[in-house]
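*Asks:* model the structure of this input:
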Amino acid sequence: MISTVKDLAAEALFVSYLQPSESPNQAAVEEAITVTILRYGSDGCAAGVAVEFGDHPDVAVQRMTWVHEELADVLAPRTPVLY
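*Replies:* Below is the predicted model:
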């Protein structure tokens, strides 16, 4: 189940409006994922990824690498703040 959620998040971020040059923070990444899933649904996100890998495979590989780097930060376990 967790890998399915991670895969959907990756696909959504991949087809989102967010660009690596923006150096987005965690909140921006989370918002882009949510907005894209609500807009396109899981099937639409997967289709967008497929189209880009078919049309521009070299650029798509670079973008997917960035996506996975961003998701590693967003999905990393957070340490609780102790008072």
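
*Asks:* quick check: chain neighbours aside, which residue is closest to the one residue sitting closest to the centre of the chain?
*Replies:* Centroid-nearest residue in the chain: Leu13, 2.5 Å away (criterion: C-alpha atoms, centre = their mean). Nearest residue to Leu13 in three dimensions, chain neighbours excluded: Val67, at 4.8 Å (C-beta to C-beta, 6 or more residues apart in numbering). Placement of C-beta: from N, CA and C, glycine included.

*Asks:* which ones are touching that neighbour?
*Replies:* With contact set as C-beta atoms under 8 Å, 6 or more residues apart in numbering, Val67 has these partners: Ala10, Leu13, Phe14.

*Asks:* and Ser42, which helix or strand is it part of?
*Replies:* Assigned by DSSP states H and E, Ser42 belongs to helix 26-55.

*Asks:* got any ranges where this structure has weak pLDDT?
*Replies:* 1-2, 77-81, 83 (pLDDT under 70).

*Asks:* how does it look with 50?
*Replies:* For the chain, not a single residue meets the criterion pLDDT under 50.

*Asks:* before we move on, back to that, which outside residues touch the helix or strand hosting the residue nearest to the centre of the chain?
*Replies:* Secondary structure from DSSP H and E places Leu13 in helix 2-15. Residues from elsewhere that reach helix 2-15 (C-beta under 8 Å, 6+ apart): 29, 32-34, 36-37, 40, 42, 44-46, 48-49, 52, 60, 63-64, 67-68, 70-71, 74-75.

*Asks:* kindly report the same for stretch 26-35.
*Replies:* With C-beta under 8 Å, 6+ apart, stretch 26-35 has contacts from Ala9, Ala12, Leu13, Ser16, Tyr17, Leu18, Glu22, Pro24, Glu70, Leu71, Asp73, Val74.

*Asks:* repeat the analysis, applying 7 Å as the threshold.
*Replies:* Ala9, Ala12, Leu13, Ser16, Tyr17, Leu18, Glu70, Asp73, Val74 (C-beta atoms under 7 Å, 6 or more residues apart in numbering).
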